[in-house]
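Colleague: everything below, folded, please.
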Amino acid sequence: KFFNSAAKCLNKESRGSAIHVALKTGEPYKSWKVVQMARGAAPLDLGNALPFATGAWEGYAHRRTIGFKTALSKDDSQELAKGANIYVFVRRPEEADDA
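Modeller: Model prediction:
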């Protein structure tokens, strides 16, 4: 549902319009198959994938879905030390041309 909804928000007039999804590497995130999910759910293709750099986002602090819990969470985005990527999805060219 996310990719279908997000694709509707892309500016059809601009080829630079994109959906960015940040996701940690490794399991269980790898098994989510986010690229295949996006391609199957909406008229999207993977435009780029690049390492997530916490320094690029001033004030960024990684938090789990449950929020910060002293016993579970680590300070200063240490949980991202194993890696994370940003996946950039763009509208398929034929879809962009039909708009």
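Colleague: with Tyr87 as the reference, measure out to Tyr29.
Modeller: According to C-beta to C-beta, to the nearest Å, Tyr29 stands 11 Å off from Tyr87. In this view, the C-beta of every residue, glycine as well, is placed from N, C-alpha and C.
Colleague: between the two, who's got more neighbours?
Modeller: Tyr87 (19 against 14; other C-beta atoms under 10 Å).
Colleague: what residues does the helix or strand hosting that one touch?
Modeller: Secondary-structure element containing Tyr87, defined by DSSP states H and E: strand 84-91. Contacts to strand 84-91, defined as C-beta atoms under 8 Å, 6 or more residues apart in numbering, come from residues 3, 7, 10, 12, 15, 17-25, 34-35, 38, 43-52, 96, 99.
Colleague: which members of those are classed as buried?
Modeller: Buried members of the contacts of strand 84-91, counted by 16 or more other C-beta atoms under 10 Å: 3, 7, 10, 18-19, 21, 24, 34, 38, 43-44, 52, 96.
Colleague: between these, which sits nearest Lys82?
Modeller: Taking C-beta to C-beta as the measure, Lys82 sits nearest to Lys24 out of those, at 7.2 Å.
Colleague: okay, the closest one: pLDDT?
Modeller: Per-residue confidence (pLDDT) for Lys24: 85.
Colleague: likewise Lys30?
Modeller: So Lys30 comes in at 90 (pLDDT).
Colleague: what about it, how many neighbours?
Modeller: Quick note: Lys30 (other C-beta under 10 Å) scores 11 neighbours.
Colleague: and the gap between it and Lys24?
Modeller: 9 Å.
Colleague: what residues do the two have in common as contacts?
Modeller: Joint contacts of Lys30 and Lys24 (C-beta under 8 Å, 6+ apart) do not exist.
Colleague: quick revisit: next step: the contacts of strand 84-91 restricted to strands.
Modeller: 19-24, 44-51 (DSSP state E).
Colleague: quick check: the farthest pair among the residues you listed?
Modeller: Lys24 and Asp45 (22.4 Å).
Colleague: lowest-confidence one in the ones in strands among the contacts of strand 84-91?
Modeller: Lowest confidence among the ones in strands among the contacts of strand 84-91: Lys24, with 85.
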